[in-house]
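In: here is a sequence with its predicted model. Questions after.
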Amino acid sequence: MSYDPVESVAKGTIEGFLNWGEEFIKELAIKFKDKKLAFIQDEKTISRVKEQYRSGELSFYKEYIENKEMLFLLKMGLTLRSLERDNDGERKQNLRTKIFNNYQVKGLHIAQFVENGSLNRYIGILIDDIISLVNFKKDILNILENIEKHVLFVKTLDSETNIIQQATTAITLHFPMIFIISGIASAAISVKNCEEKLKELLPDYSIKRISEGEKETLFFKRILI
Amino acid sequence: METVSLKNINLSSKIALLKELGYDSDGEVVLDIHGNKILDRYLEIPVKVNNMMILPGSEIIIDDNELSLSKYFEEFGDVL
């Protein structure tokens, strides 16, 4: 149950903020110590976090991924997506920074991979060629643990030449079954512009481009002979 | 469990609440009674009074962000 301080505890306002009385603070502290209430900032943050815990997408990932830290990063990706959906750019950037500070660039990329819907599309591609559940699980974990080898996250300042060079180098080096190039906003335009050239340069791969809002993603799937 | 939003509460009331709970503040961050900065349990960053959440479970004071809150739920379950 949420508590509305505006209705129930206002004793006056100072510069637009509410002032609590001494006795009321004592009452709150007693309730808190009795574990009957918690002090939060925004109810929306609580509901957003809970929403991710109950999401069907997370339940699906839990079926195939056992690593708890990895699952936590996937959860953060779903939370980033929720913030994006709600146009809450400031909180989204704040969360991105916190993920980066705690899990470095790799952790942020894993979360982004979920946020932009690439993980569920990647799983869709894997399902097409599923041999065994064991291999399926291994493939999912493999792309997440080696995300830098399988996914190129294009930055705003990356030139098209640079994108093509990075992609062809990564593919030549690792020869992955699936390789993904992903860009948002101005980086998305660069990704789109590279498609034709990459088709020419990578004849061993079939390419599928997915456009969604400000995002462009290229999926390269190795052609099996 | 009831939740009380600190969002629109003035600084002096928040500091008074912290003192009632056995903490303190320099007006910016949460301090313990010895004047040491209280760190977010999961991010190990100082918790700002204007961005704090005080949650049950041995009095957990954390920064208001989705990462810390998710970690809290992982540790204590869906208690809110």
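Out: In hand now; what should we look at?
In: neighbouring contacts of stretch A:78-94?
Out: Among residues not part of stretch A:78-94, those counted as contacts by CB atoms under 8 Å, 6 or more residues apart in numbering or on different chains are A:45, A:48-49, A:51-52, A:55, A:57-58, A:95-96, A:111-112, A:114-117, B:65-66, B:70. (C-beta placed from N, C-alpha, C; glycine too.)
In: drop anything exposed from those.
Out: For those, a burial check counting by 16 or more other CB atoms under 10 Å in any protein chain shown picks out A:45, A:48-49, A:52, A:55, A:57-58, A:95-96, A:111-112, A:114-117, B:65-66, B:70.
In: tell me the secondary structure at the residue nearest in space to the middle of chain B.
Out: When chain B is reduced to its mean C-alpha position, the nearest residue by CA atoms, centre = their mean turns out to be B:I61, at 2.9 Å. When classified by DSSP: H, G, I helix; E, B strand; the rest coil, B:I61 comes out as strand.
In: low-confidence bits of chain A, can you list those?
Out: Low-confidence regions of chain A, defined by pLDDT under 70, span residues A:1-16.
In: alongside chain A, which residues does chain B contribute?
Out: Among all residues of chain B, those adjacent to chain A (criterion: CB under 8 Å from any CB of the partner chain) are B:1-13, B:16-17, B:20-21, B:43, B:51-56, B:64-71, B:73-74, B:78-80.
In: which of these are buried, as a PyMOL select command?
Out: Here the buried members of these are turned into a PyMOL selection, burial being counted by 16+ other CB under 10 Å:
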select buried, chain B and resi 3+4+5+6+9+10+11+13+16+17+20+21+43+51+52+53+54+55+56+64+65+66+67+68+69+70+71+73+80
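In: which of the residues of chain B next to chain A fall in strands?
Out: Applying DSSP state E to those, the entries found in strands are B:E2, B:T3, B:V4, B:S5, B:M52, B:M53, B:I54, B:L55.
In: and chain A, what are its domains?
Out: Chain A breaks down into these domains under automatic domain parsing: A:5-39, A:43-145, A:147-225.
In: relative to B:G35, which of the ones you listed is closest?
Out: Distances from B:G35 to each of those were compared using CB to CB; the shortest belongs to domain A:5-39, at 20.7 Å.
In: next up, the contacts around A:K33.
Out: When contacts are taken as CB under 8 Å, 6+ apart, A:K33 is in contact with B:L21.
In: mind checking how far it is from B:G22?
Out: Remark: distance between A:K33 and B:G22 (CB to CB, to the nearest Å) = 10 Å.
In: can you check A:N102 too?
Out: As judged by CB to CB, A:N102 and B:G22 stand 28 Å apart.
In: could you list the low-confidence segments of chain B?
Out: For chain B, no range has pLDDT under 70.
In: helices of that one, start to end?
Out: Using DSSP state H, the helices found in chain B span residues B:11-20, B:66-76.
In: can you add distance to A:E212 and give those helices back as a markdown table?
Out: Conversion of these to a markdown table gives the following (distance: least, CB to CB, whole Å):
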| stretch | distance to A:E212 |
| --- | --- |
| helix B:11-20 | 42 |
| helix B:66-76 | 23 |
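In: and A:A29, which of the ones you listed is closest to it?
Out: Across these, A:A29 has its closest neighbour in helix B:11-20 (4.1 Å, CB to CB).
In: tell me who's in contact with A:I140.
Out: Shown in contact with A:I140 (CB under 8 Å, 6+ apart): A:Y64, A:I65, A:L119, A:Y122, A:I123, A:L126.
In: quick check: which of those are also close to chain B?
Out: The residues of the contacts of A:I140 that also fall near chain B, by CB under 8 Å from any CB, amount to none at all.
In: possible to save those as TSV with secondary structure and neighbour count?
Out: Below are the contacts of A:I140 laid out as TSV (DSSP: H, G, I helix; E, B strand; the rest coil; neighbours: other CB atoms under 10 Å in any protein chain shown):
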residue	secondary structure	neighbour count
A:Y64	helix	15
A:I65	coil	16
A:L119	helix	23
A:Y122	helix	21
A:I123	helix	17
A:L126	helix	19
